[in-house]
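*Asks:* Requesting a structural model of the entry that follows:
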Amino acid sequence: MKRLLTIQDISCVGQCSTTVALPLVSACGVECAVLPPAILSNHTGGYKTWSFADLTDELGKVEAKWVEQGIRFDAFYTGYVCEGHIDPILSIFKSCAEPGAVRIVDPAMADNGVLYKGFAPDFPSKMARLVNGADYILPNLTEAALLVGDEPRLSGYGEKDIESLVAKLHALGAKNVVLTGVSFREDELGSAISDGASVRYDFNPRLARTSHGTGDVYASVFAGALMRGLSAFDAAALAADVVCEAIKATEDGHWYGVSFERAIPFLVNALG
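*Replies:* I've put the predicted structure just below:
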């Protein structure tokens, strides 16, 4: 069994970040260890207030114990992190990696054309340090534009625009790019998957509902499926299918996330 370490916050309520990653990676049949750099009472999307406990000072202590005990990981999957977490994360990448360990970076920092609350305008340049050397990155269109210094757009991307954006992401040092939120028609939504030599597209019918946490569901399934041996394209396609199943299973009025728990049987069956 592969062992994956996910490094992202714990939002205690809200069906996002670690509370999504741990069950979904585990459902893929992959051991999921966790390292939360911060704990929030709830996520920051839609809630008016939240508490924030910074655990940055604990990261080095945890790393030291892992090194002391020879604890190593086959893969790393990072999500929502802050500027002060980046240096400790890069250190853990080096000190606690099995040979050939895979780095999966979800640069969770923005959507719908703007950075999330609490991030400074220069934060994308900090996040780019995690992107450099990553085996797989999973930005949405807004995050991708901010990473490469472009002005984010909410629409109007053609195929040439997408492939130009993907090329710029590779130039930052990402080995494989999975760009989400891609759409060339009003009735579809999907992703562009690139290994640096070619770009392939995966689309699903566009659903009317939009929800918090779908990016975390997507990235978590992708990471787990990839570690189960699926190709990047197949892992991305499965991740999109699980997101769609989760959205369909979410009841009206459930505004703070998606009921991904109801899609876990679908995921398990798909992986056989």
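*Asks:* Quick one: low-confidence residue ranges for the stretch 51-200 of the chain.
*Replies:* Applying pLDDT under 70 to the stretch 51-200 of the chain flags no residue at all.
*Asks:* biggest helix in this protein by residues?
*Replies:* helix 232-248 (DSSP state H).
*Asks:* Not counting it itself, show me its contacts.
*Replies:* 24, 136, 176, 178, 190-191, 193, 195, 200, 202, 204-205, 207, 209, 211, 214, 217-219, 221-222, 225-226, 230, 258-260, 262-263, 266-267, 270-271 (C-beta atoms under 8 Å, 6 or more residues apart in numbering). (C-beta placed from N, C-alpha, C; glycine too.)
*Asks:* Could you tell me which of those are located in helices?
*Replies:* Using DSSP H, the subset of the contacts of helix 232-248 located in helices is 24, 214, 217-219, 221-222, 225-226, 266-267, 270-271.
*Asks:* Between which two of the residues you listed is the distance greatest?
*Replies:* Thr214 and Leu271 (19.7 Å; C-beta to C-beta).
*Asks:* ok, back up a step: can you turn the buried part of the contacts of helix 232-248 into a ChimeraX selection?
*Replies:* The ChimeraX command for the buried members of these (criterion: 16 or more other C-beta atoms under 10 Å) is given here:
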select :24,136,176,178,190,191,193,202,211,214,217,218,219,221,222,225,226,230,258,259,260,263,266,267,270,271
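*Asks:* residues near Gly100, how many?
*Replies:* If you count neighbours by other C-beta atoms under 10 Å, Gly100 ends up with 8.
*Asks:* quick one: it is in a helix?
*Replies:* No: under DSSP: H, G, I helix; E, B strand; the rest coil, Gly100 sits outside any helix and is assigned strand.
*Asks:* Quick check: the gap between it and Ala75.
*Replies:* 10 Å (C-beta to C-beta, to the nearest Å).
*Asks:* what does Leu22 give?
*Replies:* Relative to Ala75, and taking C-beta to C-beta, Leu22 is found at 14 Å.
*Asks:* which residue ranges form the strands in the protein?
*Replies:* Secondary structure of the chain (DSSP state E): strands at 3-7, 10-13, 31-35, 38-42, 52-54, 73-78, 97-105, 110-111, 114-115, 136-137, 176-182, 188-194, 199-205.
*Asks:* looking at these, which is buried most?
*Replies:* strand 136-137 (a mean of 28; mean count of other C-beta atoms under 10 Å).
*Asks:* contacting residues for the residue nearest to Leu40 when sequence neighbours are not counted?
*Replies:* Once flanking residues are discounted, Leu40 sits nearest to Ser11: 4.6 Å by C-beta to C-beta, 6 or more residues apart in numbering. Contacts for Ser11 (C-beta under 8 Å, 6+ apart) come out as 17-19, 40-43.
*Asks:* Show me which of these is closest to Asp57.
*Replies:* Using C-beta to C-beta, Leu40 comes nearest to Asp57 of the contacts of Ser11, at 17.0 Å.
*Asks:* how close does that closest one get to Trp66?
*Replies:* When Leu40 is compared with Trp66 (using C-beta to C-beta), they lie 24 Å apart.
*Asks:* What of Cys28?
*Replies:* Taking C-beta to C-beta, one finds Cys28 at 23 Å from Trp66.
*Asks:* Could you do Leu147 as well?
*Replies:* Distance from Leu147 to Trp66, by C-beta to C-beta: 29 Å.
*Asks:* Next, the contact list for Leu90, please.
*Replies:* With C-beta under 8 Å, 6+ apart, Leu90 has these contacts: 129-130.
*Asks:* you'd agree Pro107 is up against Arg129?
*Replies:* No: here Pro107 does not reach Arg129: they are 10.5 Å apart, not a contact under C-beta atoms under 8 Å.
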